[in-house]
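In: below: sequence and its predicted model.
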Amino acid sequence: RDEAQRLERLLKERQQELELQLERQERMAELARNESLRESAEAARQVELKVQETQLQLQRETQEKMLEAQQEAMTSQRNLQDRVDTVAREAADRTQSLKQAEAQLLERRQEVQELSRELKG
């Protein structure tokens, strides 16, 4: 009977030890789950930051390309305007030269007419 009581007490002690061990293991599992959740949340936050960084970089690159295209268009427009101005100046110069040539031609005709009258007269 003493042996039975001793065995019963040993079984209760062993059961309590096992229950404590189970509680410790459950707490450790809970801590591990919490740590895993924290790590997952941190990883998600890092991914979100990377996405935002990439979006900002794309915006910057897009703005730079738009500015570059705008500057090229303005340069092209200036070059075209310069060419138009040059052609207009050249046309004005040619027109002036033509007017001078016409005036000289008119003078020569008048001189020829006067000489012709003198020879006839």
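Out: Cool, got the structure. Residues are numbered from 1 along each chain as shown.
In: chain center to stretch 104-121: distance?
Out: 76 Å (Cα atoms, centre = their mean, to the nearest Å).
In: C-alpha coordinates for that stretch, CSV please?
Out: Output of stretch 104-121 as CSV, limited to C-alpha atoms (Å, rounded to 0.1, in the frame of the first residue of the first chain):
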residue,chain,number,x,y,z
GLN,A,104,21.3,99.6,-113.2
LEU,A,105,19.5,97.9,-116.2
LEU,A,106,17.1,100.8,-116.4
GLU,A,107,20.0,103.3,-116.3
ARG,A,108,21.8,101.4,-119.1
ARG,A,109,18.6,101.4,-121.2
GLN,A,110,18.2,105.1,-120.7
GLU,A,111,21.8,105.6,-121.7
VAL,A,112,21.4,103.3,-124.8
GLN,A,113,18.2,105.3,-125.7
GLU,A,114,20.0,108.6,-125.4
LEU,A,115,23.0,107.3,-127.4
SER,A,116,20.6,106.0,-130.0
ARG,A,117,18.8,109.4,-130.3
GLU,A,118,22.1,111.2,-130.5
LEU,A,119,23.2,108.9,-133.3
LYS,A,120,20.0,109.4,-135.2
GLY,A,121,19.9,113.1,-134.6
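In: buried residues of it, list them for me.
Out: For stretch 104-121, burial by neighbour count (16 or more other Cβ atoms under 10 Å) applies to no residue. Using the backbone N, CA and C atoms, a C-beta is placed for each residue, glycine as well.
In: buried sites along stretch 28-37?
Out: Buried residues in stretch 28-37, counted by 16+ other Cβ under 10 Å: none are found.
In: how far off centre is that stretch?
Out: That offset, for stretch 28-37, works out to 42 Å (Cα atoms, centre = their mean).
In: can I get it in CSV? Just the C-alpha atoms.
Out: C-alpha atoms of stretch 28-37 as CSV (Å, rounded to 0.1, in the frame of the first residue of the first chain):
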residue,chain,number,x,y,z
MET,A,28,7.9,28.8,-26.7
ALA,A,29,5.7,28.0,-29.7
GLU,A,30,3.7,31.1,-29.1
LEU,A,31,6.9,33.2,-28.8
ALA,A,32,8.1,31.6,-32.1
ARG,A,33,4.8,32.4,-33.8
ASN,A,34,5.0,36.0,-32.6
GLU,A,35,8.6,36.3,-33.8
SER,A,36,7.6,34.8,-37.1
LEU,A,37,4.7,37.3,-37.4
